[in-house]
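Colleague: Output the structure for:
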Amino acid sequence: MLRGGWREILLRLGTHSRFHHCPPARRARLLQSQLFRPMNLREDRVPALESKPSELTCKSQQLMLQAGLIHPTSPGCYSYLPYTVRAMEKLIALIDKEMQAIGGQKLNMPGLCSAELWRASERWDLMGKELFRLTDRHNKEYCLGPTHEETITDLIASNGTLSYKQLPLLLYQITRKFRDEIKPRFGLLRSREFYMKDMYTFDVSEEAARHTYRIVCDAYCHLLSKLGLQFVKVQADTGSIGGKMSHEFQLPAGVGEDRLLVCPSCKFSANVEMVKPDQKECPACQGELTETKGIEVGHTFYLGTKYSCIFNAAYSDAQNKPVTAEMGCYGLGVTRILAASIEVLSTEDSIRWPGLIAPYQVCLIPPKKGSKEESAIVLTDALYDDLAEAVPQVEGDMLLDDRTHLTIGKRLKDANKLGYPYVIIAGKRALDTPSEFEVWCQNTGEVVFMSKEGVIELLSNVQAV
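Modeller: Next up, the predicted model:
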(Lines give C-alpha, C1' and ligand atoms only; values in the text may rest on other atoms or scores of the structure.)
Protein backbone atom coordinates (compact mmCIF):
# COMPACT_ATOMS: atom_id res chain seq x y z
CA MET A 1 0.00 0.00 0.00
CA LEU A 2 1.27 3.51 -0.82
CA ARG A 3 2.63 5.51 2.09
CA GLY A 4 0.08 7.85 3.59
CA GLY A 5 -2.91 5.92 2.23
CA TRP A 6 -5.48 6.93 -0.36
CA ARG A 7 -6.64 9.96 1.59
CA GLU A 8 -3.20 11.58 1.42
CA ILE A 9 -2.82 10.70 -2.31
CA LEU A 10 -6.18 12.27 -3.15
CA LEU A 11 -5.34 15.38 -1.15
CA ARG A 12 -2.07 15.72 -3.06
CA LEU A 13 -3.87 15.29 -6.40
CA GLY A 14 -6.40 17.89 -5.34
CA THR A 15 -3.62 20.35 -4.56
CA HIS A 16 -1.24 19.75 -7.42
CA SER A 17 -3.19 18.05 -10.20
CA ARG A 18 -3.88 19.91 -13.42
CA PHE A 19 -7.54 18.97 -12.85
CA HIS A 20 -7.73 21.01 -9.66
CA HIS A 21 -10.03 24.04 -9.94
CA CYS A 22 -10.65 23.29 -13.62
CA PRO A 23 -12.78 26.18 -14.95
CA PRO A 24 -16.20 25.29 -16.40
CA ALA A 25 -16.19 24.61 -20.13
CA ARG A 26 -17.04 27.69 -22.18
CA ARG A 27 -20.42 27.51 -23.84
CA ALA A 28 -20.01 26.50 -27.49
CA ARG A 29 -20.93 29.34 -29.83
CA LEU A 30 -22.64 28.94 -33.19
CA LEU A 31 -20.42 30.72 -35.69
CA GLN A 32 -21.52 32.05 -39.06
CA SER A 33 -18.19 31.12 -40.67
CA GLN A 34 -18.76 27.43 -39.90
CA LEU A 35 -22.26 27.12 -41.36
CA PHE A 36 -22.72 25.46 -44.75
CA ARG A 37 -24.42 27.98 -47.02
CA PRO A 38 -23.03 27.62 -50.55
CA MET A 39 -23.23 30.97 -52.32
CA ASN A 40 -20.79 30.78 -55.24
CA LEU A 41 -21.91 27.75 -57.19
CA ARG A 42 -20.27 26.94 -60.50
CA GLU A 43 -22.74 27.45 -63.33
CA ASP A 44 -21.55 24.33 -65.15
CA ARG A 45 -22.35 22.23 -62.05
CA VAL A 46 -25.85 23.63 -61.43
CA PRO A 47 -28.63 21.61 -63.11
CA ALA A 48 -31.11 23.45 -65.30
CA LEU A 49 -33.82 25.21 -63.34
CA GLU A 50 -37.48 24.87 -64.24
CA SER A 51 -37.19 28.49 -65.46
CA LYS A 52 -34.39 30.56 -66.91
CA PRO A 53 -32.83 33.00 -64.40
CA SER A 54 -34.52 35.89 -66.22
CA GLU A 55 -37.88 34.16 -65.75
CA LEU A 56 -37.65 33.67 -61.97
CA THR A 57 -40.60 35.91 -61.22
CA CYS A 58 -41.40 34.26 -57.88
CA LYS A 59 -39.97 36.24 -54.94
CA SER A 60 -39.56 33.24 -52.62
CA GLN A 61 -37.67 31.25 -55.25
CA GLN A 62 -35.31 34.14 -55.98
CA LEU A 63 -34.63 34.88 -52.31
CA MET A 64 -34.09 31.25 -51.30
CA LEU A 65 -31.69 30.60 -54.19
CA GLN A 66 -29.76 33.85 -53.65
CA ALA A 67 -29.44 33.27 -49.91
CA GLY A 68 -28.18 29.70 -50.32
CA LEU A 69 -31.21 28.11 -48.65
CA ILE A 70 -32.04 25.64 -51.44
CA HIS A 71 -30.07 24.12 -54.29
CA PRO A 72 -31.66 22.74 -57.50
CA THR A 73 -30.74 19.15 -58.33
CA SER A 74 -33.15 18.66 -61.25
CA PRO A 75 -36.33 20.44 -62.42
CA GLY A 76 -38.73 20.51 -59.48
CA CYS A 77 -36.31 18.85 -57.02
CA TYR A 78 -34.15 20.66 -54.47
CA SER A 79 -31.65 20.01 -51.74
CA TYR A 80 -32.83 21.78 -48.58
CA LEU A 81 -29.77 23.36 -47.00
CA PRO A 82 -29.17 23.78 -43.24
CA TYR A 83 -31.02 27.08 -42.75
CA THR A 84 -34.11 25.71 -44.48
CA VAL A 85 -33.97 22.43 -42.57
CA ARG A 86 -33.88 24.32 -39.26
CA ALA A 87 -36.97 26.31 -40.26
CA MET A 88 -38.71 23.16 -41.48
CA GLU A 89 -38.00 21.26 -38.26
CA LYS A 90 -39.47 24.13 -36.23
CA LEU A 91 -42.57 24.13 -38.45
CA ILE A 92 -42.92 20.36 -38.06
CA ALA A 93 -42.69 20.74 -34.26
CA LEU A 94 -45.55 23.28 -34.39
CA ILE A 95 -47.63 20.99 -36.61
CA ASP A 96 -47.00 18.06 -34.24
CA LYS A 97 -48.27 20.14 -31.31
CA GLU A 98 -51.45 21.10 -33.16
CA MET A 99 -52.19 17.60 -34.42
CA GLN A 100 -51.47 15.91 -31.10
CA ALA A 101 -53.57 18.49 -29.25
CA ILE A 102 -56.63 17.20 -31.12
CA GLY A 103 -55.74 13.54 -30.58
CA GLY A 104 -53.56 12.89 -33.63
CA GLN A 105 -51.17 9.93 -33.52
CA LYS A 106 -48.06 10.07 -35.67
CA LEU A 107 -46.96 7.20 -37.89
CA ASN A 108 -44.91 6.74 -41.05
CA MET A 109 -45.97 4.94 -44.21
CA PRO A 110 -43.78 3.91 -47.16
CA GLY A 111 -43.33 6.27 -50.08
CA LEU A 112 -43.33 3.26 -52.40
CA CYS A 113 -47.01 2.32 -52.82
CA SER A 114 -48.45 -0.83 -54.41
CA ALA A 115 -50.21 -0.36 -57.75
CA GLU A 116 -52.65 -3.05 -56.62
CA LEU A 117 -54.09 -0.74 -53.95
CA TRP A 118 -54.30 2.18 -56.33
CA ARG A 119 -56.06 0.08 -58.92
CA ALA A 120 -58.59 -1.02 -56.30
CA SER A 121 -59.54 2.63 -55.73
CA GLU A 122 -59.39 3.30 -59.50
CA ARG A 123 -56.96 6.14 -58.93
CA TRP A 124 -54.13 4.39 -60.78
CA ASP A 125 -55.73 5.58 -64.03
CA LEU A 126 -57.52 8.64 -62.62
CA MET A 127 -54.29 10.33 -61.50
CA GLY A 128 -52.89 10.12 -65.03
CA LYS A 129 -49.36 11.31 -65.73
CA GLU A 130 -48.94 13.12 -62.41
CA LEU A 131 -48.30 9.75 -60.76
CA PHE A 132 -44.67 8.60 -60.70
CA ARG A 133 -44.81 4.91 -61.66
CA LEU A 134 -42.12 2.24 -61.58
CA THR A 135 -41.70 -1.52 -61.91
CA ASP A 136 -39.40 -3.67 -59.77
CA ARG A 137 -37.26 -6.62 -60.90
CA HIS A 138 -40.19 -8.96 -60.34
CA ASN A 139 -42.40 -6.89 -62.67
CA LYS A 140 -44.55 -5.67 -59.79
CA GLU A 141 -45.80 -2.12 -60.27
CA TYR A 142 -45.59 0.72 -57.75
CA CYS A 143 -46.03 4.45 -57.53
CA LEU A 144 -44.26 7.08 -55.46
CA GLY A 145 -47.01 8.23 -53.13
CA PRO A 146 -48.40 11.74 -53.62
CA THR A 147 -50.91 10.89 -50.87
CA HIS A 148 -51.81 7.78 -48.84
CA GLU A 149 -55.56 7.19 -48.68
CA GLU A 150 -55.25 3.67 -50.06
CA THR A 151 -52.34 2.69 -47.85
CA ILE A 152 -53.86 3.91 -44.59
CA THR A 153 -57.31 2.42 -45.29
CA ASP A 154 -55.79 -0.94 -46.19
CA LEU A 155 -53.73 -0.75 -42.97
CA ILE A 156 -56.87 -0.24 -40.87
CA ALA A 157 -58.80 -2.96 -42.71
CA SER A 158 -55.97 -5.51 -42.46
CA ASN A 159 -55.83 -5.23 -38.66
CA GLY A 160 -59.35 -6.52 -38.13
CA THR A 161 -62.41 -4.69 -37.00
CA LEU A 162 -61.95 -1.73 -34.67
CA SER A 163 -64.20 -1.19 -31.68
CA TYR A 164 -66.43 1.88 -31.73
CA LYS A 165 -64.72 2.77 -28.43
CA GLN A 166 -61.44 3.34 -30.33
CA LEU A 167 -62.98 5.99 -32.57
CA PRO A 168 -62.44 8.68 -33.60
CA LEU A 169 -59.00 7.61 -34.81
CA LEU A 170 -56.73 10.35 -36.15
CA LEU A 171 -53.51 9.14 -37.77
CA TYR A 172 -51.00 11.43 -39.47
CA GLN A 173 -47.52 11.51 -40.93
CA ILE A 174 -45.06 14.11 -42.21
CA THR A 175 -43.13 12.65 -45.13
CA ARG A 176 -41.79 13.28 -48.62
CA LYS A 177 -44.40 13.18 -51.38
CA PHE A 178 -43.99 13.00 -55.14
CA ARG A 179 -45.93 14.44 -58.06
CA ASP A 180 -44.81 14.44 -61.70
CA GLU A 181 -45.67 18.08 -62.39
CA ILE A 182 -45.91 18.84 -66.09
CA LYS A 183 -44.26 22.21 -65.45
CA PRO A 184 -42.62 22.53 -62.03
CA ARG A 185 -42.05 26.19 -61.20
CA PHE A 186 -41.82 28.79 -58.44
CA GLY A 187 -39.26 26.81 -56.42
CA LEU A 188 -40.80 25.02 -53.45
CA LEU A 189 -44.29 26.32 -54.30
CA ARG A 190 -44.74 23.80 -57.12
CA SER A 191 -42.12 21.06 -57.07
CA ARG A 192 -42.00 17.38 -57.89
CA GLU A 193 -40.74 16.29 -54.48
CA PHE A 194 -42.01 17.98 -51.33
CA TYR A 195 -42.88 17.48 -47.66
CA MET A 196 -46.50 17.19 -46.60
CA LYS A 197 -48.41 16.50 -43.41
CA ASP A 198 -51.29 14.15 -44.25
CA MET A 199 -53.85 13.05 -41.65
CA TYR A 200 -56.52 10.35 -42.04
CA THR A 201 -59.46 10.06 -39.68
CA PHE A 202 -61.95 7.26 -38.97
CA ASP A 203 -65.31 7.95 -37.30
CA VAL A 204 -68.48 6.06 -36.30
CA SER A 205 -70.95 8.21 -38.26
CA GLU A 206 -71.32 11.07 -40.71
CA GLU A 207 -72.18 13.41 -37.84
CA ALA A 208 -69.06 12.37 -35.92
CA ALA A 209 -66.89 12.65 -39.05
CA ARG A 210 -68.15 16.17 -39.75
CA HIS A 211 -67.38 17.09 -36.13
CA THR A 212 -63.83 15.79 -36.56
CA TYR A 213 -63.61 17.73 -39.82
CA ARG A 214 -64.42 20.98 -38.00
CA ILE A 215 -61.88 20.22 -35.27
CA VAL A 216 -59.05 19.64 -37.79
CA CYS A 217 -60.00 22.76 -39.77
CA ASP A 218 -59.91 24.78 -36.54
CA ALA A 219 -56.43 23.37 -35.81
CA TYR A 220 -55.28 24.51 -39.28
CA CYS A 221 -56.67 27.99 -38.62
CA HIS A 222 -54.90 28.11 -35.25
CA LEU A 223 -51.57 27.04 -36.78
CA LEU A 224 -51.66 29.61 -39.59
CA SER A 225 -52.73 32.36 -37.18
CA LYS A 226 -49.92 31.40 -34.80
CA LEU A 227 -47.48 31.83 -37.70
CA GLY A 228 -48.87 35.31 -38.30
CA LEU A 229 -50.09 34.48 -41.82
CA GLN A 230 -53.18 36.05 -43.38
CA PHE A 231 -55.20 33.20 -44.89
CA VAL A 232 -58.59 32.43 -46.40
CA LYS A 233 -60.51 29.19 -45.93
CA VAL A 234 -62.41 28.56 -49.17
CA GLN A 235 -64.86 25.96 -50.46
CA ALA A 236 -63.06 23.73 -52.94
CA ASP A 237 -63.47 20.88 -55.41
CA THR A 238 -62.76 17.36 -54.14
CA GLY A 239 -60.82 16.53 -57.32
CA SER A 240 -59.06 13.17 -57.72
CA ILE A 241 -59.17 12.48 -53.96
CA GLY A 242 -62.95 12.58 -53.92
CA GLY A 243 -65.43 12.82 -51.07
CA LYS A 244 -68.44 14.90 -50.08
CA MET A 245 -66.88 18.17 -48.90
CA SER A 246 -63.59 20.00 -49.28
CA HIS A 247 -61.91 23.25 -48.20
CA GLU A 248 -58.62 24.87 -49.15
CA PHE A 249 -56.50 27.11 -46.92
CA GLN A 250 -55.08 29.84 -49.13
CA LEU A 251 -52.54 32.64 -48.60
CA PRO A 252 -53.56 35.57 -50.86
CA ALA A 253 -50.62 36.35 -53.16
CA GLY A 254 -50.14 37.76 -56.63
CA VAL A 255 -48.06 34.74 -57.68
CA GLY A 256 -50.78 32.33 -56.51
CA GLU A 257 -52.11 29.92 -59.10
CA ASP A 258 -55.58 29.54 -57.59
CA ARG A 259 -58.35 32.06 -58.30
CA LEU A 260 -60.52 32.78 -55.29
CA LEU A 261 -63.86 34.52 -54.93
CA VAL A 262 -64.36 36.25 -51.58
CA CYS A 263 -67.37 38.19 -50.32
CA PRO A 264 -66.36 41.28 -48.27
CA SER A 265 -69.85 41.44 -46.74
CA CYS A 266 -70.01 37.94 -45.24
CA LYS A 267 -67.80 34.93 -44.64
CA PHE A 268 -68.43 33.26 -48.02
CA SER A 269 -65.32 32.33 -49.99
CA ALA A 270 -64.71 29.71 -52.66
CA ASN A 271 -62.28 28.56 -55.29
CA VAL A 272 -63.51 29.88 -58.64
CA GLU A 273 -64.01 26.22 -59.69
CA MET A 274 -66.93 26.01 -57.26
CA VAL A 275 -69.11 28.74 -58.80
CA LYS A 276 -70.67 29.37 -62.20
CA PRO A 277 -68.34 31.04 -64.72
CA ASP A 278 -70.43 34.20 -64.89
CA GLN A 279 -71.39 34.40 -61.23
CA LYS A 280 -70.76 37.87 -59.75
CA GLU A 281 -73.00 37.81 -56.67
CA CYS A 282 -72.37 36.06 -53.36
CA PRO A 283 -74.72 33.05 -53.05
CA ALA A 284 -75.01 33.69 -49.31
CA CYS A 285 -75.82 37.44 -49.13
CA GLN A 286 -76.01 38.58 -52.79
CA GLY A 287 -73.12 40.98 -52.19
CA GLU A 288 -70.53 41.55 -54.90
CA LEU A 289 -67.77 38.92 -55.02
CA THR A 290 -64.12 40.01 -55.14
CA GLU A 291 -61.59 37.91 -57.04
CA THR A 292 -58.06 37.39 -55.77
CA LYS A 293 -55.22 34.90 -56.24
CA GLY A 294 -53.97 32.51 -53.60
CA ILE A 295 -51.29 29.94 -52.74
CA GLU A 296 -52.85 26.74 -51.41
CA VAL A 297 -51.07 25.60 -48.23
CA GLY A 298 -53.69 23.21 -46.83
CA HIS A 299 -56.57 21.08 -48.10
CA THR A 300 -59.20 19.14 -46.14
CA PHE A 301 -61.64 16.48 -47.36
CA TYR A 302 -64.65 14.76 -45.82
CA LEU A 303 -64.44 11.42 -47.66
CA GLY A 304 -67.44 9.57 -46.31
CA THR A 305 -67.04 5.86 -47.11
CA LYS A 306 -65.34 6.28 -50.51
CA TYR A 307 -62.22 4.36 -49.46
CA SER A 308 -63.46 2.44 -46.41
CA CYS A 309 -66.06 0.66 -48.57
CA ILE A 310 -63.45 -0.42 -51.12
CA PHE A 311 -61.02 -1.82 -48.55
CA ASN A 312 -63.61 -2.91 -45.97
CA ALA A 313 -62.36 -0.69 -43.17
CA ALA A 314 -65.02 -1.23 -40.50
CA TYR A 315 -65.63 -1.00 -36.77
CA SER A 316 -67.80 -3.00 -34.38
CA ASP A 317 -70.70 -1.03 -32.96
CA ALA A 318 -72.25 -1.41 -29.47
CA GLN A 319 -74.16 -4.49 -30.69
CA ASN A 320 -70.91 -5.97 -32.01
CA LYS A 321 -72.06 -5.54 -35.64
CA PRO A 322 -69.59 -4.42 -38.32
CA VAL A 323 -70.17 -0.88 -39.65
CA THR A 324 -68.19 0.84 -42.40
CA ALA A 325 -66.09 3.70 -40.96
CA GLU A 326 -66.56 7.31 -42.08
CA MET A 327 -63.32 8.94 -43.19
CA GLY A 328 -61.65 12.29 -43.70
CA CYS A 329 -58.22 13.29 -45.00
CA TYR A 330 -56.29 16.48 -44.35
CA GLY A 331 -53.14 17.82 -45.98
CA LEU A 332 -50.71 20.59 -45.04
CA GLY A 333 -47.89 21.49 -47.42
CA VAL A 334 -44.87 21.77 -45.11
CA THR A 335 -42.32 23.01 -47.64
CA ARG A 336 -45.02 25.03 -49.37
CA ILE A 337 -45.83 26.86 -46.12
CA LEU A 338 -42.12 27.72 -45.79
CA ALA A 339 -41.92 29.14 -49.31
CA ALA A 340 -45.37 30.78 -49.22
CA SER A 341 -44.61 32.55 -45.94
CA ILE A 342 -41.42 33.97 -47.47
CA GLU A 343 -43.45 34.96 -50.54
CA VAL A 344 -46.05 36.97 -48.62
CA LEU A 345 -43.90 38.39 -45.78
CA SER A 346 -40.61 39.29 -47.46
CA THR A 347 -39.38 42.42 -49.19
CA GLU A 348 -37.93 42.20 -52.70
CA ASP A 349 -34.38 41.70 -51.39
CA SER A 350 -34.73 40.46 -47.80
CA ILE A 351 -36.33 37.33 -46.38
CA ARG A 352 -38.86 37.71 -43.59
CA TRP A 353 -39.86 34.56 -41.74
CA PRO A 354 -42.75 33.97 -39.38
CA GLY A 355 -40.96 34.62 -36.08
CA LEU A 356 -41.56 31.16 -34.66
CA ILE A 357 -39.87 29.31 -37.52
CA ALA A 358 -36.95 31.61 -38.35
CA PRO A 359 -33.85 29.38 -38.67
CA TYR A 360 -32.10 31.46 -36.00
CA GLN A 361 -33.75 34.06 -33.78
CA VAL A 362 -30.70 36.22 -33.11
CA CYS A 363 -27.58 37.25 -35.02
CA LEU A 364 -24.79 39.08 -33.17
CA ILE A 365 -22.37 41.18 -35.21
CA PRO A 366 -19.07 42.26 -33.59
CA PRO A 367 -16.94 45.05 -35.09
CA LYS A 368 -14.47 44.55 -37.90
CA LYS A 369 -10.93 43.63 -36.94
CA GLY A 370 -8.61 46.59 -37.25
CA SER A 371 -11.43 49.11 -36.83
CA LYS A 372 -11.58 51.73 -34.08
CA GLU A 373 -14.28 49.67 -32.37
CA GLU A 374 -12.31 46.38 -32.46
CA SER A 375 -12.12 46.22 -28.66
CA ALA A 376 -15.92 45.75 -28.56
CA ILE A 377 -15.46 42.20 -29.91
CA VAL A 378 -15.06 40.94 -26.35
CA LEU A 379 -18.32 42.69 -25.41
CA THR A 380 -20.14 40.79 -28.16
CA ASP A 381 -18.69 37.49 -26.93
CA ALA A 382 -19.75 38.31 -23.37
CA LEU A 383 -23.26 39.30 -24.53
CA TYR A 384 -23.60 35.97 -26.37
CA ASP A 385 -22.70 34.03 -23.22
CA ASP A 386 -24.94 36.17 -21.00
CA LEU A 387 -27.92 35.71 -23.33
CA ALA A 388 -27.39 31.96 -23.49
CA GLU A 389 -27.39 31.87 -19.70
CA ALA A 390 -30.24 34.30 -19.02
CA VAL A 391 -32.63 33.51 -21.91
CA PRO A 392 -32.93 29.72 -22.29
CA GLN A 393 -35.30 29.92 -25.28
CA VAL A 394 -32.65 31.56 -27.46
CA GLU A 395 -29.76 29.31 -26.41
CA GLY A 396 -28.90 27.32 -29.51
CA ASP A 397 -30.93 29.80 -31.57
CA MET A 398 -28.25 32.52 -31.72
CA LEU A 399 -25.56 32.97 -34.31
CA LEU A 400 -22.33 34.93 -33.92
CA ASP A 401 -21.20 36.42 -37.23
CA ASP A 402 -17.50 35.97 -36.66
CA ARG A 403 -16.49 37.03 -40.18
CA THR A 404 -14.69 40.03 -38.72
CA HIS A 405 -12.68 40.57 -41.91
CA LEU A 406 -15.92 42.04 -43.31
CA THR A 407 -17.37 45.41 -42.36
CA ILE A 408 -20.40 45.61 -40.08
CA GLY A 409 -22.37 47.00 -43.06
CA LYS A 410 -21.70 43.96 -45.28
CA ARG A 411 -22.63 41.54 -42.51
CA LEU A 412 -25.77 43.53 -41.67
CA LYS A 413 -26.82 43.37 -45.35
CA ASP A 414 -26.34 39.59 -45.28
CA ALA A 415 -28.29 39.34 -42.02
CA ASN A 416 -31.15 41.33 -43.57
CA LYS A 417 -31.18 38.97 -46.54
CA LEU A 418 -31.46 35.92 -44.26
CA GLY A 419 -34.20 37.40 -42.10
CA TYR A 420 -33.05 36.97 -38.50
CA PRO A 421 -35.82 38.46 -36.31
CA TYR A 422 -33.16 40.21 -34.17
CA VAL A 423 -29.74 41.51 -35.27
CA ILE A 424 -27.53 42.93 -32.50
CA ILE A 425 -24.51 45.05 -33.44
CA ALA A 426 -21.60 46.08 -31.25
CA GLY A 427 -20.64 49.43 -32.81
CA LYS A 428 -19.28 52.74 -31.50
CA ARG A 429 -21.85 53.05 -28.72
CA ALA A 430 -20.85 49.67 -27.31
CA LEU A 431 -17.67 51.37 -26.10
CA ASP A 432 -19.53 54.18 -24.36
CA THR A 433 -20.27 54.27 -20.66
CA PRO A 434 -22.83 52.88 -20.20
CA SER A 435 -22.39 50.47 -23.09
CA GLU A 436 -25.23 50.23 -25.67
CA PHE A 437 -25.86 47.75 -28.48
CA GLU A 438 -27.63 48.55 -31.74
CA VAL A 439 -30.65 46.22 -32.07
CA TRP A 440 -32.47 45.69 -35.37
CA CYS A 441 -35.95 44.22 -34.91
CA GLN A 442 -36.41 42.95 -38.44
CA ASN A 443 -40.09 42.01 -38.36
CA THR A 444 -41.15 45.45 -37.10
CA GLY A 445 -38.49 47.54 -38.86
CA GLU A 446 -37.40 49.19 -35.60
CA VAL A 447 -33.79 50.04 -34.76
CA VAL A 448 -33.10 50.79 -31.08
CA PHE A 449 -30.08 51.14 -28.80
CA MET A 450 -30.11 49.08 -25.61
CA SER A 451 -27.94 48.15 -22.67
CA LYS A 452 -27.04 44.51 -22.12
CA GLU A 453 -29.86 44.30 -19.57
CA GLY A 454 -32.28 45.80 -22.09
CA VAL A 455 -31.30 43.24 -24.73
CA ILE A 456 -31.82 40.40 -22.24
CA GLU A 457 -35.25 41.76 -21.32
CA LEU A 458 -36.23 42.15 -24.99
CA LEU A 459 -35.23 38.61 -25.94
CA SER A 460 -36.88 37.16 -22.85
CA ASN A 461 -40.16 37.79 -24.68
CA VAL A 462 -39.15 35.66 -27.69
CA GLN A 463 -41.49 32.71 -28.11
CA ALA A 464 -40.00 29.24 -28.49
CA VAL A 465 -41.56 26.45 -30.54
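Colleague: and F186, how many neighbours?
Modeller: When neighbours are defined as other C-beta atoms under 10 Å, F186 has 23 of them. All C-beta atoms are positioned from the backbone trio N, CA, C, and that covers glycine.
Colleague: can you pull out the helices in the stretch 101-250 of the chain?
Modeller: Per DSSP state H, counting those that start in this stretch, the stretch 101-250 of the chain carries helices over the ranges 115-120, 123-126, 149-158, 206-226.
Colleague: Please name the strands paired to the helix or strand V448 falls within in the sheet, noting orientation.
Modeller: Taking DSSP states H and E as the definition, V448 sits inside strand 446-450. Applying DSSP bridges, strand 446-450 is found paired with strand 437-441 (antiparallel).
Colleague: Give me the residues contacting the partner strand.
Modeller: 383, 412, 415-416, 421-427, 429-430, 446-452, 455, 458 (C-beta atoms under 8 Å, 6 or more residues apart in numbering).
Colleague: Report the buried residues of it.
Modeller: F437, E438, V439, W440 (16 or more other C-beta atoms under 10 Å).
Colleague: and what of stretch 323-336?
Modeller: 323, 325-336.
Colleague: These in helices, which ones?
Modeller: The helices, defined by DSSP state H, take in V334, T335, R336 from these.
Colleague: What is the nearest of those to A376?
Modeller: T335 (39.8 Å; C-beta to C-beta).
Colleague: Hmm, the closest one is touching E193, no?
Modeller: No: look at T335 against E193 with C-beta atoms under 8 Å: they stay out of range, at 9.0 Å.
Colleague: before we move on, the earlier item: the strand holding V448 - what's its average pLDDT?
Modeller: On average, the pLDDT along strand 446-450 is 95.
Colleague: Ok, stretch 172-185 next?
Modeller: 95.
Colleague: can you pull the buried residues of that stretch?
Modeller: Buried, per 16+ other C-beta under 10 Å, within stretch 172-185: Y172, Q173, I174, T175, K177, F178, R179, D180, E181, P184, R185.
Colleague: Show me what the fifth one bridges to in the sheet.
Modeller: Translated: K177. With DSSP bridges as the criterion, K177 is bridged to F194.
Colleague: Quick one: residues contacting it.
Modeller: G111, G145, P146, T147, E193, F194, Y195, M196, D198.
Colleague: next one: R123
Modeller: E150, S240.
Colleague: Roughly how far does it sit from P146?
Modeller: Here the criterion is C-beta to C-beta, to the nearest Å. By it, R123 lies 10 Å from P146.
Colleague: same question, C221
Modeller: For C221 relative to P146 (C-beta to C-beta), the value is 25 Å.
Colleague: Could you check which of these two is surrounded by more residues?
Modeller: P146 (23 against 15).
Colleague: isn't the more buried one right up against G128?
Modeller: No: counting by C-beta under 8 Å, P146 does not reach G128; the two are 11.6 Å apart.
Colleague: Common neighbours of the two, please.
Modeller: Common neighbours of P146 and G128 (C-beta under 8 Å, 6+ apart) do not exist.
Colleague: quick revisit: among the buried residues of stretch 323-336, find me the one that's closest to L81.
Modeller: Closest to L81, out of all of the buried residues of stretch 323-336 and judged by C-beta to C-beta, is T335, at 12.8 Å.
Colleague: Now go through the buried residues of stretch 172-185 and say which are in strands.
Modeller: Residues of those located in strands (DSSP state E): Y172, Q173, I174, T175, K177, F178.
Colleague: Now tabulate those residues in TSV and tack on distance to E374.
Modeller: Formatted as TSV, these follow (distance: C-beta to C-beta, whole Å):
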residue	distance to E374
Y172	53
Q173	52
I174	46
T175	49
K177	51
F178	52
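Colleague: Now the two most distant members of those residues.
Modeller: Y172 and F178 (18.4 Å).
Colleague: coming back round to it: quick one, which of the contacts of strand 437-441 are buried?
Modeller: 383, 412, 415-416, 421-427, 429-430, 450, 452, 455, 458.
Colleague: ok, E89 - how many residues close by?
Modeller: E89 has 12 nearby residues by other C-beta under 10 Å.
Colleague: those strands in the stretch 251-400 of the chain, which residues are they?
Modeller: Assigned by DSSP state E, counting those that start in this stretch, the strands in the stretch 251-400 of the chain fall at 258-262, 269-271, 290-304, 314-316, 322-324, 326-333, 362-365, 398-400.
Colleague: Quick check: which of the ones you listed is nearest to F231?
Modeller: Among those, if distance is taken as C-beta to C-beta, the winner is strand 290-304, at 7.4 Å.
Colleague: tell me what the closest one is packed against?
Modeller: Under the contact criterion of 3 or more C-beta pairs under 8 Å, 6 or more residues apart in numbering; DSSP states H and E, strand 290-304 touches helix 206-226, strand 245-252, strand 258-262, strand 326-333, helix 334-345.
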